[in-house]
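J.: Structure for the following, please:
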Amino acid sequence: MDLEFNPETIRSNMNRYLGYKLLLGADQANDVERSFRQEKMGRRSEKLKIFSMLGGIVVALAVVSLGLRFIIAESSPEQQAPFLKHCGTTAAEARSNNCTFDTISLAWTPPACYDVELSKEFFSVRKWEWFADVNLTKSVSKSELETGRLKTVYTSRESEETQCVYTLRKVHRAALKGAPIDGFSGHQEYSEYCQALLVEAIGRGGKDSVYADDKVHQAFESEVKFVHCGVENFEP
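T.: Numbers count the residues shown, from 1 in each chain. Take a look at the predicted model:
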C-alpha cells in the first residue's frame, strides 16, 4: 500500500500529540501577530473600561458616604444641641450654665469639653496643692478654689509640668474621640509653652547637674479661667 505524505496531515498530527504548534511561515506569522495585537488592544480597552467603572463606583460611594455622615450628623440629637460657648465670668454664672470646675486646669469648663475620666486619673497620680502666696506657704483647698472667690493661685513647678501633660493628653483623647476641646487646652501658645517647659525639665537633671537650681522650687502663677468649648472658638 502506497503511503501518502501530506504535510498538513503531519502538522495536524504533531499538534495533536506533541501539544505545540510547528513554526509558521512568514505570512502566517504576520497574521498571528496582527491578531495578537488586536486582541491585546481589545483587552487593554476592556481593562480601561473596568478601571473607569471602578473609579466611578469608588467616587460614588465616597460621595454617598459623606452625604450619609452629613445627614446623620445633622439629624443626631447630640449635634443639634450647640456647644455652650462660654461658662460666663463668675463662678455663679458657671454653675448656672452647668459648667464643671476642672481643678487641674483651674478652669470652669462646659460639660462637652470636660474629660471626667482623665481628670480622675490625673487627680489620683499625685497630691495636688494650691497656694495663695508666691512663697507657697499658704495652702488653698479644693473647695475654696471652687467657691470662686480666688482669682489667682500659685502652684509648684511639678504641678505646672503635670498640668501640661494632662492638657496634652486631653487634646489627644479629644482628637481620637472626635470630641470638642476647650479654648485654653487647644490654644497653640499654651501647647508651645508646655513644650518648652517639659523640654527644660528633661534637661534639668539631678541635684549635681549644671541645670539644678532654684527653678525646681519656683512658684507658677495661675489664673482661674472661664473657658469656651468648641473648635470654632479657638483663637489664632
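
J.: which residues of the protein fall in helices?
T.: For the chain, the helices defined by DSSP state H occupy 7-18, 26-75, 77-80, 91-96, 116-123, 142-147, 157-177, 188-204.

J.: Show me how this protein divides into domains.
T.: According to automatic domain parsing, the chain is divided into the following domains: 7-77, 91-233.

J.: Dump stretch 155-169 to CSV, restricted to CA.
T.: Taking Å, rounded to 0.1, in the frame of the first residue of the first chain, the C-alpha atoms of stretch 155-169 are listed here in CSV:
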residue,chain,number,x,y,z
THR,A,155,1.4,76.1,92.2
SER,A,156,4.8,74.3,92.2
ARG,A,157,6.8,73.6,89.1
GLU,A,158,6.0,69.9,89.4
SER,A,159,2.2,70.8,89.4
GLU,A,160,2.7,73.0,86.4
GLU,A,161,4.6,70.3,84.5
THR,A,162,1.9,67.7,85.3
GLN,A,163,-0.8,70.1,84.2
CYS,A,164,0.9,70.4,80.9
VAL,A,165,1.0,66.6,80.4
TYR,A,166,-2.7,66.5,81.5
THR,A,167,-3.6,69.1,78.8
LEU,A,168,-1.7,67.3,76.1
ARG,A,169,-3.4,64.0,77.0
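
J.: quick one: contacts for the residue nearest to residue 166 when sequence neighbours are not counted?
T.: Counting by CB to CB, 6 or more residues apart in numbering, residue 166 lies nearest to residue 122, which is 4.7 Å off, once chain neighbours are set aside. Just so you know, the C-beta spots here come from the backbone N, C-alpha and C atoms, and that holds for glycine as well. Contact analysis of residue 122 by CB atoms under 8 Å, 6 or more residues apart in numbering lists 104, 162, 165, 166, 169.

J.: Filter the residues you listed down to the buried ones.
T.: Buried members of the contacts of residue 122, counted by 16 or more other CB atoms under 10 Å: 104, 162, 166.

J.: Endpoints of stretch 175-188, how far apart?
T.: Terminal residues of stretch 175-188 are spaced 15 Å apart (CA to CA, to the nearest Å).

J.: Let's test this: mean pLDDT of it, rounded?
T.: The average pLDDT for stretch 175-188 rounds to 89.

J.: If you count neighbours, what's buried in it?
T.: Neighbour-count burial for stretch 175-188 [16+ other CB under 10 Å]: 180, 181, 182, 183, 184, 185, 186, 187.

J.: Could you measure from the last one over to residue 227?
T.: Okay, so that is residue 187. Per CB to CB, to the nearest Å, residue 187 is found 10 Å from residue 227.

J.: ok so, going back, mean pLDDT lowest where, among the domains of the chain?
T.: Among these, domain 7-77 carries the lowest mean pLDDT (a mean of 46).
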